[in-house]
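*Asks:* Sequence and predicted structure are below.
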Amino acid sequence: MVKKVNPYKDSDLGKKQQVAQMFDTISNEYDGLNRVISFGIDIKWRKKVVKIIGATNPDKILDIATGTGDLAINLTETNASKIIGLDISEGMLDVGRKKIEELKLNNQIEMIFGDSENIPFEANYFDAITVAFGVRNFENLEKGLSEIYRVLKPNGTFVVLETSIPTKTPYKQGYKFYAKYILPTIGKLFSKDKTAYKYLSDSAAAFPYGKTFNNILAKIGFINIENKPQTFGVSSIYIAKK
């Protein structure tokens, strides 16, 4: 059973609506704060995802929970003819569209409003699908992963970049201290939404990382599952095939 963590504990809205509201609120500050809280290492992690996807020579790629489009933009290096960025936050999508327009990538990237649990594409449509720091925001993790499996082509590649918790000392203790005290403090100081960065910390702690997530992917039907811990285990790259 995956523990459900909501951004706003007193809200009557479901997790999906709360997550959309939270990211709408922080959309304009998200990119800058993301670089700060990750010390810029997230750029290196995304490059690794692009390299993995690029090796499969995909034609059509879906980037779920695309946010402001950082990974979608990076994925243009694969020379895919079409990259779809999907997200439930119009605020994040708007920021992403402006970045894409400035980079003149409109012909290659399309940013669309959509839900991971009801992906608006036919079965077996995409050669590759990515999610960077988004699966922990799924309201129903298994339902979202099942939808991803549905729209991925046979032999297609699915890559997830997500936070994880280091297992070795002293990295485990250092990560927990940072996640519990430093990350929420940065959010309180610089974010419009004072609860957003506490939620990001709490949701990361509750996410079933490592072998547990591998087992969930296998349950959905994915095969050839790999888990590659990054930077002492503070994040992981999961690779799976259909």
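*Replies:* On my side now, so go ahead. Numbers count the residues shown, from 1 in each chain.
*Asks:* wait, isn't residue 168 in contact with residue 232?
*Replies:* Yes: with contact taken as CB atoms under 8 Å, residue 168 and residue 232 are classed as touching, separated by 7.3 Å. Using the backbone N, CA and C atoms, a C-beta is placed for each residue, glycine as well.
*Asks:* out of those two, which sits in the more crowded spot?
*Replies:* Residue environment comparison for residue 168 versus residue 232 gives the larger neighbour count to residue 232, 14 against 10, counting by other CB atoms under 10 Å.
*Asks:* Confirm that that one sits in a helix.
*Replies:* Yes: assigned with DSSP: H, G, I helix; E, B strand; the rest coil, residue 232 falls within a helix.
*Asks:* Can you verify my assumption that residue 138 contacts residue 115?
*Replies:* No: Residue 138 sits out of contact with residue 115 when judged by CB under 8 Å, with a separation of 9.5 Å.
*Asks:* Which residue of the two possesses the greater neighbour count?
*Replies:* For residue 138 versus residue 115, the count of surrounding residues by other CB under 10 Å is larger for residue 138: 24 against 17.
*Asks:* what sits against residue 193?
*Replies:* Neighbour list for residue 193: 22, 25-26, 187 [criterion: CB atoms under 8 Å, 6 or more residues apart in numbering].
*Asks:* how about a cut-off of 6 Å?
*Replies:* With CB atoms under 6 Å, 6 or more residues apart in numbering as the criterion, the residues that contact residue 193 are 22, 25-26.
*Asks:* Export these as a markdown table, with columns for distance to residue 203 and neighbour count.
*Replies:* Compiled in a markdown table, the contacts of residue 193 are given as follows (distance: CB to CB, whole Å; neighbours: other CB atoms under 10 Å):
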| residue | distance to residue 203 | neighbour count |
| --- | --- | --- |
| 22 | 11 | 23 |
| 25 | 16 | 18 |
| 26 | 14 | 21 |
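*Asks:* For residue 223, state which of those residues is nearest.
*Replies:* The shortest approach to residue 223 among these belongs to residue 22, at 34.3 Å (CB to CB).
*Asks:* The closest one should be in a strand, yeah?
*Replies:* No: according to three-state DSSP, the state of residue 22 is helix, so it is not within a strand.
*Asks:* Wait, it touches residue 196, no?
*Replies:* Yes: between residue 22 and residue 196 a contact is recorded at 5.1 Å, counting by CB atoms under 6 Å.
*Asks:* now the strands for this structure?
*Replies:* Counting by DSSP state E, the chain has these strands, from start to end: 60-64, 82-87, 109-113, 126-132, 152-163, 223-230, 235-241.
*Asks:* Make TSV out of the ones you listed and add distance to residue 101 and mean neighbour count.
*Replies:* Putting the strands of the chain into TSV (distance: least, CB to CB, whole Å; neighbours: other CB atoms under 10 Å) gives the following:
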stretch	distance to residue 101	mean neighbour count
strand 60-64	17	26
strand 82-87	13	24
strand 109-113	10	18
strand 126-132	21	26
strand 152-163	25	20
strand 223-230	31	14
strand 235-241	29	21
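*Asks:* Residue 205: which of the ones you listed is closest?
*Replies:* Shortest distance between residue 205 and the strands of the chain, using CB to CB, is found for strand 152-163: 8.8 Å.
*Asks:* orientation of the closest one relative to strand 235-241 in degrees?
*Replies:* Angle between the axes of strand 152-163 and strand 235-241 is 170 degrees (criterion: axes from the mean of the first three to the mean of the last three CA atoms, to 10 degrees).
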